[in-house]
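**Q** Sequence below, structure please.
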Amino acid sequence: LVPGVGAQGGDAADVVRHAATADGTGLLVSSSRAILYAGNGEDFADAARTAATTLRDLINRHRPR
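**A** Residues are numbered from 1 along each chain as shown. Reported below is the predicted structural model:
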């Protein structure tokens with residue numbers, strides 16, 4: 001579990017570079033605050049999905065190929 005990526009200022013690229021296994025796996029990245037507070041009211045589901053997929057895509061860009 002890697003805390004602090006997103007709202008707390010953790011850097012996804014650094015996490016993947018320094019903590020992932022050689023094949024780019026081995027991490028469970030937490031970003032609950034950035035997702036939980038992504039939107040208010042009726043836009044919450046869409047905003048939360050966007051925040052989660054944006055982080056996923058960012059992490060995947062830094063995984064070894």
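
**Q** Can you give the contact residues for the helix or strand bottoming out on mean pLDDT in the chain?
**A** Taking mean pLDDT, DSSP states H and E as the measure, the chain has helix 12-19 as its least confident helix or strand, at a mean of 81. Identification of contacts with helix 12-19 by C-beta atoms under 8 Å, 6 or more residues apart in numbering yields 2, 5, 24, 26, 27, 29, 55, 58, 59, 62, 63. Heads up, the C-betas are built off the backbone N, CA and C, glycines and all.

**Q** For those, which ChimeraX command selects only the ones that are buried?
**A** In ChimeraX, a selection of the buried entries from the contacts of helix 12-19 looks like this (16 or more other C-beta atoms under 10 Å):
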select :2,5,27,29,55,58,59
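
**Q** Which one of the contacts of helix 12-19 is nearest to residue 36?
**A** residue 55 (12.7 Å; C-beta to C-beta).

**Q** just to revisit the earlier point, could you give me the buried positions within the least confident helix or strand of the chain?
**A** For helix 12-19, a neighbour-count test (16+ other C-beta under 10 Å) marks 12, 15, 16 as buried.

**Q** Switch the residues you listed over to a markdown table; also include distance to residue 40.
**A** Listed next are these as a markdown table, based on distance: C-beta to C-beta, whole Å:
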| residue | distance to residue 40 |
| --- | --- |
| 12 | 25 |
| 15 | 28 |
| 16 | 31 |
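
**Q** which one of these sits closest to residue 48?
**A** Using C-beta to C-beta, these come closest to residue 48 at residue 12, 17.6 Å.

**Q** What separation is there between that closest one and residue 44?
**A** 23 Å (C-beta to C-beta, to the nearest Å).

**Q** Contact partners for the most centrally placed residue in the chain?
**A** Among the residues of the chain, the one closest to the centroid is residue 55, at 3.7 Å (C-alpha atoms, centre = their mean). Contact partners of residue 55, counting by C-beta under 8 Å, 6+ apart, are 5, 6, 12, 29, 31, 34, 35.

**Q** what's the distance between the third one and residue 45?
**A** Distance of residue 12 to residue 45, computed by C-beta to C-beta: 23 Å.

**Q** which residues touch stretch 41-50?
**A** Counting by C-beta under 8 Å, 6+ apart, 35, 36, 38, 39 sit against stretch 41-50.
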